[in-house]
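**Q** Starting from these lines, generate the structure:
(chains A and B)
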There are 2 protein chains.
Amino acid sequence: MKDIQVVGFDADDTLWVTEPHFQAAGREFGGLMAPWASAEKAAEELYATEMANLGTYGYGAKSVMLSMLETALRLGGDKVPAATLRKVLESGRRLLDYPMELLPGVEGVLKELRGRYRLVLITKGDLLDQERKLRGSGLKAYFHHVQILSDKRESDYRDLLATLGVEPRRFLMVGNSLKSDILPVLALGGCGVHIPYEVTWRHEHVEGASPDPARFRQLKDISGLPGLLAR
Amino acid sequence: MKDIQVVGFDADDTLWVTEPHFQAAGREFGGLMAPWASAEKAAEELYATEMANLGTYGYGAKSVMLSMLETALRLGGDKVPAATLRKVLESGRRLLDYPMELLPGVEGVLKELRGRYRLVLITKGDLLDQERKLRGSGLKAYFHHVQILSDKRESDYRDLLATLGVEPRRFLMVGNSLKSDILPVLALGGCGVHIPYEVTWRHEHVEGASPDPARFRQLKDISGLPGLLAR
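**A** Numbering: from 1, shown residues only, chains lettered A, B, ... in the order given. As a prediction, this is how the structure comes out:
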């Protein structure tokens, strides 16, 4: 991948561990709903609530918390005890302060690429929460620019590349979500490196994508990135 | 105020009506808590919860919703009915889709200043919600740059001015909150125009401020801004 000037990095599950915490919170929620629904039914209802609220609440932990409370009030009807709702709130709140855990190799790769490319962190979700995670990660100094977006659609990337003053073909995005990190960038004429994470939020699943191999690669982990860029 | 190159505008209660909606939601919350607390006590408890959560949740409607639910679960103890909590959720949700109402004179002033200054919108709060309000306002095209911050401290303005490439003395911030819009900018060596709104969130109150009159003015409404800048 030659002529790349700017490398964009997704954060959640690309630089640091996120989704396992959300999945754990989902399982905890399922347990709390046991008097009224099976774990499968609770998960299904929660996902449906999250999708219905996405346009209004957006991404992030506070949105998940509100959707959990709404789902509990629906599943439990008028019988849901205040104590259960309090536990839902506490469990959701842990999504805002779990310990930061960088994925293997991340810091070394950023260190290696820093002098050669403009590095940009591009995440979606809650502004304050992403800022806190970035601070906790100790990675802030590696990035020329940090952009927290409400969504990662093609138009969001187009605006961002204009702000950065970079041509799409000189931009490479690295991330774990084909749907949010890779496909919209490829559609603009940019490049993408997909690094799947062990678990993916269902909303980020995508099927039948077969991107142009000249501008798209998949890596098992981030340590292969400098070699790929040098080739 | 001469030599100004960039004019920053706060949004909530500077360009459009916001706080009255939050105050109405607070009164509604007080009504729902009537079985367990006086209106004053409910307001006091809600404010205390919001302040305790501010560092974790940040500003914005979703944070208020979560604090309302937490306060209801505390005030009502184990007796709070699911129906009441559902109403709290619905009432809070209206904070995310009330009709946009511009303050008088706003669009005319932006039109007049647009060619002469770089205009920047600088708000704090929830990313998605502020984007939605901006879209609804029809004002987006007047701004060279839109910055949604998690907070408006001196360091946030310092970073923003560096990004914009403007010297503090050539930057003027216009807003309804002395605490968030004016004092941190004056502290950096910038200029401020304070336009008080009819109601101010208690958290934004500040006392005993006596800013340097050479770089600070107060206006009754936004229509006086072009004249002030020309002088």
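**Q** Can you tell me the closest non-neighbouring residue to residue A:106?
**A** Spatially, and ignoring its direct neighbours in sequence, residue A:106 is nearest to residue A:15 (5.1 Å; C-beta to C-beta, 6 or more residues apart in numbering or on different chains). C-beta: built from backbone N, CA, C; applies to glycine.
**Q** actually residue A:59, not the one I wrote
**A** That would be residue A:125: by C-beta to C-beta, 6+ apart, it lies 4.4 Å from residue A:59.
**Q** For the longest helix along chain A, which helices and strands make contact with it?
**A** Identified as the longest helix of chain A according to DSSP state H is helix A:39-57. Judged by 3 or more C-beta pairs under 8 Å, 6 or more residues apart in numbering or on different chains; DSSP states H and E, helix A:39-57 is in contact with helix A:19-32, helix A:61-75.
**Q** Can you tell me which of those helices is most buried?
**A** helix A:61-75 (a mean of 23; mean count of other C-beta atoms under 10 Å in any protein chain shown).
**Q** just the angle between that one and helix B:39-57, please?
**A** 130 degrees (axes from the mean of the first three to the mean of the last three C-alpha atoms, to 10 degrees).
**Q** can you list contacts of the helix or strand following helix A:61-75?
**A** Sequence order places helix A:82-93 as the next helix or strand after helix A:61-75, per DSSP states H and E. Outside helix A:82-93, the residues that touch it by C-beta atoms under 8 Å, 6 or more residues apart in numbering or on different chains are A:25, A:28-29, A:32, A:61, A:64-65, A:68-69, A:72-73, A:76, B:56, B:66, B:69-70, B:73, B:76-80, B:85.
**Q** Can you tell me, leaving aside adjacent residues, what's nearest to residue A:76?
**A** Per C-beta to C-beta, 6+ apart, closest to residue A:76 is residue A:36, 5.2 Å.
**Q** Show the model's pLDDT score for that neighbour.
**A** With respect to pLDDT, residue A:36 scores 97.
**Q** what do you get for residue A:204?
**A** 72.
**Q** How much space separates it from residue A:182?
**A** 11 Å (C-beta to C-beta, to the nearest Å).
**Q** More neighbours: which of these two?
**A** Counted by other C-beta atoms under 10 Å in any protein chain shown, residue A:204 and residue A:182 do not tie: residue A:182 has more neighbours, with 29 against 16.
**Q** Which residue, neighbours along the chain excluded, lies closest to the more buried one?
**A** That would be residue A:192: by C-beta to C-beta, 6+ apart, it lies 3.7 Å from residue A:182.
**Q** ok, and that neighbour, which helix or strand is that part of?
**A** strand A:191-194.
**Q** That strand packs against which elements?
**A** Using 3+ C-beta pairs under 8 Å, 6+ apart: strand A:191-194 touches strand A:171-175, helix A:183-187, strand A:216-218.
**Q** Which positions in it come out as buried?
**A** A:191, A:192, A:193, A:194 (16 or more other C-beta atoms under 10 Å in any protein chain shown).
**Q** The helices and strands packed on strand A:191-194: which one's closest to chain B?
**A** helix A:183-187 (17.3 Å; C-beta to the nearest C-beta).
**Q** And the contacts of that closest one?
**A** With C-beta under 8 Å, 6+ apart, helix A:183-187 has contacts from A:8, A:152-154, A:156-157, A:168, A:171, A:173, A:191-192, A:206, A:209, A:211-212, A:215-216.
**Q** Try it again at 10 Å.
**A** By C-beta atoms under 10 Å, 6 or more residues apart in numbering or on different chains, the surrounding residues in contact with helix A:183-187 are A:8, A:122, A:151-158, A:161, A:168, A:171-175, A:177-178, A:190-192, A:194, A:206, A:209, A:211-212, A:215-216.
**Q** and the nearest residue to residue A:225 once chain neighbours are set aside, what helix or strand is that in?
**A** Using C-beta to C-beta, 6+ apart and skipping residues adjacent in sequence, the residue nearest residue A:225 is residue A:109, 5.4 Å away. Assigned by DSSP H and E, residue A:109 falls within helix A:106-114.
**Q** Restrict that helix to CA atoms and write it as CSV.
**A** Extracted in CSV, the C-alpha atoms of helix A:106-114 (Å, rounded to 0.1, in the frame of the first residue of the first chain):
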residue,chain,number,x,y,z
VAL,A,106,-0.8,-1.5,19.6
GLU,A,107,1.7,0.9,21.2
GLY,A,108,4.7,-0.6,19.3
VAL,A,109,2.9,-0.2,16.0
LEU,A,110,1.9,3.4,16.7
LYS,A,111,5.5,4.2,17.8
GLU,A,112,6.8,2.8,14.6
LEU,A,113,4.4,4.6,12.3
ARG,A,114,4.3,7.9,14.0
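**Q** Buried residues, that helix. List them.
**A** A:106, A:107, A:109, A:110, A:113.
**Q** and the first one, what does it touch?
**A** When contacts are counted by C-beta under 10 Å, 6+ apart, residue A:106 is found next to A:9, A:14, A:15, A:16, A:137, A:139, A:142, A:221, A:222, A:223, A:225.
**Q** now, which of those residues lie within helices?
**A** Going by DSSP H, the helices hold A:137, A:225 from the contacts of residue A:106.
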